[in-house]
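In: One predicted model, sequence on top.
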Amino acid sequence: MARKSVIPFGPQHPVLPEPLHLRLVLEDERVVEALPSIGYIHRGLEKLAEQKDYIQDAFLVERTCGICSFIHALTYCQGIEALLKLEVPPRARYLRTVWSEMHRVHSHLLWLGLLADAFGFENLFMQAWRAREEVVDLMEVTAGARIMLGMCCVGGVRRDLTDEQLAAVLKSMDKLNRQFDDLIPVILKDYSVQQRLRGVGRISRETAYERGAVGPVARASGVARDFRETGYAAYGELGFVPVVETEGDCYARMEVRLAELYQCLHLVRAAVRKMPSGPISVTPKGNPDGEYVSRTEQPRGEVVYYLKGNGGKNLDRLRIRTPTFANIAPLLAMLPGCELADVPVIVLSIDPCISCTER
Amino acid sequence: MLQNCKDVTRENLLTEVASRLPLGYRFVTMTCVDLGDAFDVLYHFDKNYELSTLRLRLPKGETLPSVSGLVFAAVLVENEIKDLFGIAVTGLAIDYQGHFILADGAPTAPLLKNPPPPTAPAAEGAPKNG
Amino acid sequence: MAKLARSPWVVHYNCNSCNGCDIEFLACLTPMYDAERFGVLHVGNPKHADVLVVTGSVNHRNARVLRNVYDQMPDPKVVVALGVCTSSGGIFAGCYNVFGGVEKVLPVDVFVPGCPPRPEAILDGIVKAAARLGAKIRGETPPPVEKPKAAFQPAAVPEEKK
Amino acid sequence: MTFLNAIFRNLFSRPATRRYPFVKREPFPGTRGQLAIDPDRCIYCGICAKRCPANAITVSKTPSKSWTLDNYRCVICGYCVEVCPKKCLTMKQDYFSPK
């Protein structure tokens, strides 16, 4: 029998920008078991949210994660609006959709770059991040900040877009489309990319469903679940169909995200073209009372907010279940059987966001 | 106001959970709420974007039976509840012994409404040259 | 801009960060801002590095890891703290698992404010850090870092203003 | 099907890099850079301090009126600008440079 050894992976690891610690049990070069250990960036945000009032919390939850920040705030605000029975004006719903999709583009490009870095494709890393600057600049033009938009508030959004800005958005989308046309066919057909990703870290549809996989991990295994299908914000009016692949390996997960990049551009364009006029926010009245579970789709998958108000300014309980938290269990099913050198690629293929996970 | 909520007891929790899985329910997450003299432990399931919740009212001091034997995905969140609320969970598939999220020196059970005072003497400034 | 005499190699450790600063730091290395123009190289091994870039505040678990990374770096070394969380805890200052800024664990040379700091500010910070590194190499003691406190105070307002 | 297209385009176009310390880019209009106050119009009501999600602002009325911002704590959300009753807080476009 091969000799067993235990290798710690992380928390400070060249491939991971974030501290994730995995204990890998190996037989020679093959992983037989993986055990995650987290807590390196646990802050205790849920407790802090009970101490701030529900308007301030929108800024706090945005800082759960710097990559999908806007969508965190959106989920939170939708939950509070449901508790307050607020009707959000249509223009605000469309603007929220536009910013959500911009975040998704920036997140997927960021992930693509990191993945490329993990398997040693430096050129692709740089190309992806250069394309990403385009959308980050666009966020700065429209919202005033590169990452933490701070644009979603209870009752709507905080800033309106002028017609020129909307035109600039459309122009940027065309520019991004051209860049994707350069980049994406190359990645999908590249020999070395296929060598590294095909058949690696495969999980079946059943395992993915049982283990509660969400987002691109689930969709790459054939689970057609994308919370945008339920039509929150303005998604119901834009004709949304989830992207699904069936292979369930790292390559399929990449295919899903790359197809979603185009889909995001399409959604932004559709939202901008259909943008209704009118007010962008309503003033919240009263205090949240009762329980509500608010869910939306982040770039990494479905995020779940449990909100409980007690009729006061402060919330009784705020719980955040982030997509990476749900995807750790499927990750533990992917790792056994793979080779040690593939571990970084597999870990990155779920697009881990540890700061989300630990809050 | 919580969508599709159903009360369960400690005794029929496992059978209720087990009966949902063959129906195609997917485990979403668990939430624990401190009510003062008891905990609300909520088990969220999802089927076709419909949320369905089991609510377990757990008096303080009682142990929580783990559902991780049925739903492996629950193991992480059960460990988290154990850490953050100080609830003893029995039958965990992987037990982190209360160090899943919190390290030595961190406050114990910080998410309780009245968290216990820090017991570790070196809680403040513990990391000095650590 | 101060001319960089050397190429500072940078190792990055994410403490309690929300990723915002980390991705802005990575953005500095990619084509748009391209810190490699100044010889800045991002390395994974702390033993290769001169500059430690820290993002986020310190909690009970990562303080030891951070200290460990710092101790492994060869002398002389400088620490750049990115974002407001590293200075004071920022918005997370009241959290139970956050006990403040990085300065509680390490001597910090440059604080870069912002949430997250813009890549331009990060480049400024790294340039300043490199200057301090140069001073340390020459055996000088760089001036103490200004404590990140009350940076703006128009307190001397004449009375009777409405 | 290779990177050839991209390579040629990159060869014959200007470098994408912003030559930052040498050429400073104008900030976009509407960018949130740092907070500024017009002390003449401030009435020291303290609403900004109360609403600030990061507790970065302290306002005191007694013994002497003062308004203090900890720039190393401010998360630049701009919420105080919105709630200021006298509109004496503004968001400047240029970022706060490290000391």
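Out: Now that the structure is in, tell me what you want to look at.

In: which bits of the stretch 1-150 of chain A sit near chain B?
Out: The stretch 1-150 of chain A comes close to chain B at residues A:Leu35, A:Ser37, A:Ile38, A:Gly39, A:His42, A:Gly44, A:Glu46, A:Lys47, A:Leu83, as judged by Cβ under 8 Å from any Cβ of the partner chain. Yep, even glycine has a C-beta here, placed from its N, CA and C like the rest.

In: Quick check: nearest residue in space to A:Val214, chain neighbours excluded?
Out: Of all residues not flanking A:Val214 in the chain, A:Gly301 sits nearest, at 3.1 Å (Cβ to Cβ, 6 or more residues apart in numbering or on different chains).

In: residue contacts, A:Gly144?
Out: Shown in contact with A:Gly144 (Cβ atoms under 8 Å, 6 or more residues apart in numbering or on different chains): A:Gly150, A:Arg159, D:Phe28, D:Gly30, D:Thr31, D:Arg32, D:Gly78, D:Met91.

In: can you do 7 Å?
Out: A:Gly144 sits next to A:Arg159, D:Gly30, D:Thr31, D:Arg32 when contact means Cβ atoms under 7 Å, 6 or more residues apart in numbering or on different chains.

In: Report all helices and strands that the longest helix seen in chain C contacts.
Out: Scanning chain C for the helix with the most residues, using DSSP state H, yields helix C:119-137. Packed against helix C:119-137 by the contact rule (3 or more Cβ pairs under 7 Å, 6 or more residues apart in numbering or on different chains; DSSP states H and E) you find helix C:20-29, strand C:51-55, strand C:78-82, strand C:110-112.

In: buried residues in that helix?
Out: Within helix C:119-137, the residues that qualify as buried are C:119-136, counting by 16 or more other Cβ atoms under 10 Å in any protein chain shown.

In: Kindly report the same for stretch C:68-85.
Out: Residues of stretch C:68-85 classed as buried under the neighbour-count rule (16+ other Cβ under 10 Å) are C:69-70, C:72-73, C:77-85.

In: farthest pair in those?
Out: C:Gln72 and C:Val84 (26.8 Å; Cβ to Cβ).

In: Break down the chain into its helices, ranges please.
Out: Looking at chain A here, since you left the chain open. Along chain A, the stretches classed as helices by DSSP H are A:45-51, A:57-62, A:69-84, A:90-118, A:122-143, A:163-189, A:191-197, A:205-210, A:215-220, A:250-274, A:323-334, A:343-349, A:354-358.

In: To clarify, I was referring to chain B.
Out: Along chain B, counting by DSSP H, helices occupy B:13-20, B:74-85.

In: Name the residues of the shortest one that are buried.
Out: The neighbour-count check on helix B:13-20 (16+ other Cβ under 10 Å) flags B:Leu13, B:Leu14, B:Glu16, B:Val17, B:Arg20 as buried.

In: Need the single longest helix in chain D, by residues.
Out: With secondary structure taken from DSSP H, chain D has its longest helix at helix D:4-11.

In: and the angle for that one with helix A:122-143?
Out: Angle of helix D:4-11 versus helix A:122-143, following axes from the mean of the first three to the mean of the last three Cα atoms, to 10 degrees, is 70 degrees.

In: any residue of the helix or strand just after helix D:4-11 up close to chain A?
Out: Next in sequence after helix D:4-11, counting helices and strands by DSSP states H and E, comes strand D:34-37. No - using Cβ under 7 Å from any Cβ of the partner chain, strand D:34-37 stays clear of chain A, coming no nearer than 12.0 Å.

In: Show me what strand D:34-37 is packed up against.
Out: strand D:89-92.

In: what mean pLDDT does the strand it packs on have?
Out: For strand D:89-92, mean pLDDT rounds to 84.

In: Can I get it in CSV, CA atoms only?
Out: What follows is strand D:89-92, C-alpha atoms only, in CSV (Å, rounded to 0.1, in the frame of the first residue of the first chain):
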residue,chain,number,x,y,z
LEU,D,89,-20.4,68.0,3.1
THR,D,90,-19.2,67.2,-0.4
MET,D,91,-17.4,64.4,-2.1
LYS,D,92,-14.1,65.5,-3.7
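
In: What residues of that strand count as buried?
Out: D:Leu89, D:Met91.

In: Any regions of chain B where pLDDT drops low?
Out: The model of chain B has pLDDT under 70 over residues B:1, B:3, B:98, B:117-130.

In: can you give me the strands in it?
Out: Counting by DSSP state E, the segments of chain B that form strands are B:5-8, B:26-34, B:38-47, B:50-59, B:64-65, B:89-90.

In: Show me which residues of chain B are close to chain A?
Out: Counting by Cβ under 7 Å from any Cβ, chain B sits next to chain A at B:1-3, B:26-29, B:31, B:33, B:44, B:49, B:51, B:72-73, B:76, B:94, B:100-103, B:110-111.

In: let's go with 8 Å and repeat that
Out: So chain B meets chain A at B:1-3, B:26-29, B:31-34, B:42, B:44, B:49, B:51, B:53, B:71-73, B:75-77, B:94, B:96, B:99-103, B:110-111 (Cβ under 8 Å from any Cβ).

In: Narrow those to those that are buried.
Out: Neighbour-count burial (16+ other Cβ under 10 Å) is assigned, among the residues of chain B next to chain A, to B:2, B:26-29, B:31-34, B:42, B:44, B:51, B:53, B:71-73, B:75-77, B:96, B:99-103, B:110-111.

In: In this structure A:Glu29 contacts A:Leu340, no?
Out: Yes - using Cβ atoms under 8 Å, A:Glu29 is in contact with A:Leu340, at 5.2 Å.

In: Neighbour count for those two, which is higher?
Out: A:Leu340 (14 against 11; other Cβ atoms under 10 Å in any protein chain shown).

In: In contact with that one, which residues?
Out: A:Leu340 makes contact with A:Ile7, A:Leu24, A:Leu26, A:Glu29, A:Arg30, A:Val31 under the criterion Cβ under 8 Å, 6+ apart.

In: Which pair of the residues you listed spans the longest distance?
Out: Applying Cβ to Cβ across the contacts of A:Leu340, the maximum distance is between A:Ile7 and A:Arg30, 11.8 Å.
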